[in-house]
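Asks: Starting from these lines, generate the structure:
(chains A, B, C and D)
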Number of protein chains: 2
Amino acid sequence: MAKVTIQEVARAAGVSKGTVSRVLNARDGVNGETRTSVLDVMTQLGYVPDPGARNLARRGKHVIGLSLDGDERRGNTYYGILRDALEFRFSSEGYSTKIFSGYDPAMLEAESDGVILLGVHLDDSRPSQLEARKVPFVMVGHSLEHAERAPWVDVDNISGLFEAVRHLIKLGHKRIAHLTGASTGQASRQRIEGYRKGMLEAKLKIDNQLVWDGEFTEVGGYRAVRRALAAKLEFSAIAAASDEMAFGAIMALEDEGLRIPWDVSVTGFDDLPSAASFKPALSTVRQDITTIGIRAAEMLLESMAGKKVSSALVPVKLIVRASSGAHTT
Amino acid sequence: MAKVTIQEVARAAGVSKGTVSRVLNARDGVNGETRTSVLDVMTQLGYVPDPGARNLARRGKHVIGLSLDGDERRGNTYYGILRDALEFRFSSEGYSTKIFSGYDPAMLEAESDGVILLGVHLDDSRPSQLEARKVPFVMVGHSLEHAERAPWVDVDNISGLFEAVRHLIKLGHKRIAHLTGASTGQASRQRIEGYRKGMLEAKLKIDNQLVWDGEFTEVGGYRAVRRALAAKLEFSAIAAASDEMAFGAIMALEDEGLRIPWDVSVTGFDDLPSAASFKPALSTVRQDITTIGIRAAEMLLESMAGKKVSSALVPVKLIVRASSGAHTT
DNA sequence: AAAGTTTCCGTAACCGGTTACAAGAATTCA
DNA sequence: TGAATTCTTGTAACCGGTTACGGAAACTTT
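Replies: Alright, predicted model coming up:
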């Protein structure tokens, strides 16, 4: 299929290029009927505007920056999916994306029209720097410190772990451990809070010995569980703050001859593609990373257009699979 | 700094746009003096051609596809760095990159001008499919099966492990174990071959019990070492086929009370950013992923220009740090 | 020295969009 | 009903490059 241009759409719809462009950019001053007919022709022909030509005509930089913190260890897969989603959304709008690692001043120097901030932490200087330069930005993930200053989009961490724990409790578990990530991250804190909330609701005792640091990695989860087993701690379920830690935990349990879910139930958080194919299939809290990315992109787009946008907390969903089961004495 | 256009360069150099463009694209029919003077002005003004405008004028799609195999587990960090490098090189040439997961037929349907193939395995159908459609492509990594059919760029896996083993032998080690990755991959096979070659050269016995599968992951390395320790296998050094497996191996050794490098020496492969900051700093075989990416991009660019390109084996370098030391009885 | 070649470079059209401007049609107002 | 507005749309210039074409100048050839 040869590429279809705005000219062809115009001819097919019996209007001029200008009108098609106006429809395309949702500008007003176009008759309702004309608009819908043009829209029809566009979908029928499968028209997709050429980003290059658009940028050229719009005479802007049309670059948006992705700013990561240095912490690449955490959630590689998560980051990859998010990045794909952002790129997808932005490219369809004629923007290209550029990666900046850590805090790169070049980012500010008129290098990008807007910025997506990943992994903002407590004493992060990026939000205030961007604010000072009046560069529009939105954060993925949020912390109380920065929550009021700029729009963010984040998953509902608290509810996520709350639901997971509630699920385990409903299965009869009482001694439920929590595998947490690095203590600096906001996500970890919120997930611990969700865990606490879940235990509290059922009036179960919160034993700090059952909160283990798994460093947000598979091997971290593995080691934490090994240590717990070596210390002869008692527990019948583990609610992990990430799928990767849950994978590690399960491997460690199985290596010690325990069977999942008969001896120990395990839940994760993320619902990575591998969660469903893992053996046993992992019960987990699904966060739709793609949705988060697209949401963030759209918020930034609006913010760059001068609109005021408000932050978004995207809901999570508990996915029950094979790794969690009833508590058998 | 306001953006400088081809017009301004032309005016400053006292020639026309056309001439500047000819210089830019290294076309002939331009006087030597004129050429150098234009070149001077360009660097002086810091002129960078607008990719969007170029693509528009060159009337091509100017998209190149990145085709991954499904195996996302292997080397997340590796993949991320490679991708950045490819993107960097292509974008400076006015190409945008698009990700295709697994074998996506859309890739062929005039979606991209060229393709980079990642993780080609033995019975991979992608090379022949692309060949049939006459889509230019280059492979990152190589296997004997496909090596002759299309250009590839790969790191010198054999020499890499050979050097690592030789290094360990020089330190006095005789019982050297090898942590390998998934057996389907070509890289694993070549690295095993390098290991064998190193042992053979020193006339050391190759004990198959000392070749462990670490699945190319940290946790895989951890478990493999644990199993080896539990089986009371004897060894004083481990040459791993990836940094991540080496990290896992070191953690497992330390968890059992062994000290690196005094009790066991460990080497990795990749030299990821984290290798230097790991404790102890990891001795490893450096493969410059960025160089590989840039090389691959340039080869594809040439191939798309119709030139015949030949494959490239990029050299590796042994980096000695703290994790390997002399064998102490 | 006239004619034929080459070499070098300016001109202008074009790529696929956006947008200021103007003009015709429809509507509102007196 | 004629004038003043408001809608709607076509026209043409422009974004920053590339490239076919043609002409002037310099070089060869007879």
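
Asks: Flag every residue of chain A that's near chain B.
Replies: Proximity of chain A to chain B is confined to A:1, A:3, A:50-53, A:55-56, A:62, A:72-73, A:76-77, A:79-80, A:84, A:91, A:96, A:99, A:110, A:217-219, A:222-223, A:226, A:247-248, A:251, A:255, A:273-274 under the rule C-beta under 8 Å from any C-beta of the partner chain. C-betas here are computed from N, CA, C, even on glycine.

Asks: 6 Å instead?
Replies: Contact residues (C-beta under 6 Å from any C-beta of the partner chain) of chain A with chain B: A:52-53, A:55-56, A:76, A:218-219, A:222, A:248.

Asks: Which one of these is nearest to B:Asn31?
Replies: Taking C-beta to C-beta as the measure, A:Leu56 is the one of the residues of chain A next to chain B closest to B:Asn31, at 30.3 Å.

Asks: So for that closest one, what's the pLDDT?
Replies: The predicted structure scores A:Leu56 at 85 on the pLDDT scale.

Asks: Would you agree it is in contact with B:Gly52?
Replies: Yes: using C-beta atoms under 6 Å as the test, A:Leu56 is close enough to B:Gly52 to be in contact (5.0 Å).

Asks: Which residue ranges of the stretch 1-150 of chain A form strands?
Replies: Applying DSSP state E, counting those that start in this stretch to the stretch 1-150 of chain A gives strands spanning A:63-68, A:96-101, A:114-118, A:137-140.

Asks: Same question for the stretch 151-300 of chain A.
Replies: A:152-155, A:176-180, A:211-213, A:237-240, A:265-270, A:283-286.

Asks: Turn the ones you listed into JSON lines, columns for mean pLDDT and mean neighbour count.
Replies: Formatted as JSON lines, those follow (pLDDT from 0 to 100; neighbours: other C-beta atoms under 10 Å in any protein chain shown):
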{"stretch": "strand A:152-155", "mean pLDDT": "94", "mean neighbour count": "24"}
{"stretch": "strand A:176-180", "mean pLDDT": "98", "mean neighbour count": "27"}
{"stretch": "strand A:211-213", "mean pLDDT": "96", "mean neighbour count": "19"}
{"stretch": "strand A:237-240", "mean pLDDT": "98", "mean neighbour count": "32"}
{"stretch": "strand A:265-270", "mean pLDDT": "97", "mean neighbour count": "29"}
{"stretch": "strand A:283-286", "mean pLDDT": "97", "mean neighbour count": "27"}
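
Asks: what about those strands, which gets the closest to DNA strand D?
Replies: Proximity to DNA strand D (C-beta to the nearest atom of the strand) singles out strand A:152-155 among the strands of the stretch 151-300 of chain A, at 33.0 Å.

Asks: Just the CA coordinates for that closest one, please, in PDB.
Replies: C-alpha atoms of strand A:152-155 as PDB (Å, rounded to 0.1, in the frame of the first residue of the first chain):
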ATOM      1  CA  TRP A 152       2.200  12.900  38.100                       C
ATOM      2  CA  VAL A 153       0.700   9.600  37.100                       C
ATOM      3  CA  ASP A 154       1.100   6.600  39.300                       C
ATOM      4  CA  VAL A 155      -0.400   3.300  40.000                       C
END
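
Asks: center of chain A - which residue?
Replies: What sits nearest the mean C-alpha location of chain A, by C-alpha atoms, centre = their mean, is A:Ile289, with 3.8 Å.

Asks: so who does that residue touch?
Replies: Contact partners of A:Ile289, counting by C-beta atoms under 6 Å, 6 or more residues apart in numbering or on different chains, are A:81-82.

Asks: before we move on, back to that, so if I had to pick from A:Leu56 and B:Gly52, which one is more boxed in?
Replies: A side-by-side neighbour count of A:Leu56 and B:Gly52, using other C-beta atoms under 10 Å in any protein chain shown, places B:Gly52 first with 23 against 20.

Asks: mind listing what the more buried one touches?
Replies: Contacts of B:Gly52 by C-beta under 6 Å, 6+ apart are A:52, A:55-56.

Asks: And for the helix or strand of chain A with the lowest mean pLDDT, what's in contact with it?
Replies: None of the helices or strands of chain A scores lower by mean pLDDT, DSSP states H and E than strand A:96-101, at a mean of 70. Contacts made with strand A:96-101 from outside it, assessed by C-beta under 6 Å, 6+ apart, are listed as A:63-68, A:87, A:90, A:107.
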